[in-house]
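Asker: Predicted model and sequence below, questions to follow.
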Amino acid sequence: MSMEDEIIDIEVIFRICKGGDVVALFPYSIYSNDHIGLINSYMHIGQHSSSSYCDTMQSSKPAKEDGYKDLKEELESIGYNLKIIKRRHFQKYLDAWHKVRETA
């Protein structure tokens, strides 16, 4: 485990993109306080990045467990304790975004 052996509890949504790649979306982990809608995400190639929640949800399909198993294991190996969800709760997202804006 890396990240200095820190365990990060986080909610995640796994999606399959048009090219077949699986992406992990962290719907309450705000990427930027400058652009509402950008959240943190993770893929095998590229690893941590930003994603537009709405664009990704519209252009991808829900991933089944056998499709995201490898990515889930990779995330757990670097210190994530994942709670898998299907969609975000918008008010919870707004609360997270406002919290980031307040600390910026």
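Answerer: Thanks, I have the structure now.
Asker: residues near residue 40, how many?
Answerer: Neighbours of residue 40 under the rule other C-beta atoms under 10 Å: 18. For glycine as for every other residue, the C-beta is placed from the backbone atoms N, C-alpha and C.
Asker: and the nearest residue to it once chain neighbours are set aside, helix, strand or coil?
Answerer: Using C-beta to C-beta, 6 or more residues apart in numbering and skipping the chain neighbours, the partner closest in space to residue 40 is residue 29 (4.1 Å). What DSSP: H, G, I helix; E, B strand; the rest coil gives for residue 29 is strand.
Asker: count of neighbours near residue 29?
Answerer: 18.
Asker: unless I'm mixing things up, it is touching residue 48, no?
Answerer: No - between residue 29 and residue 48 there is no contact under C-beta atoms under 8 Å: 9.8 Å.
Asker: Show me the common contact partners of these two, please.
Answerer: Taking C-beta atoms under 8 Å, 6 or more residues apart in numbering as the contact rule, residue 29 and residue 48 both touch residue 40.
Asker: quick one: what helix or strand has the spatially closest residue to residue 28 that is not a sequence neighbour in it?
Answerer: Sequence neighbours aside, residue 96 is the residue nearest to residue 28 in space, at 4.4 Å (criterion: C-beta to C-beta, 6+ apart). Taking DSSP states H and E as the criterion, residue 96 maps to helix 90-103.
Asker: If you count contacts, what does that helix end up packed against?
Answerer: strand 22-30 (3 or more C-beta pairs under 8 Å, 6 or more residues apart in numbering; DSSP states H and E).
Asker: Give me the sheet partners of the strand it packs on and which way each runs.
Answerer: If you go by DSSP bridges, strand 22-30 pairs up with strand 8-17 (antiparallel), strand 38-43 (antiparallel).
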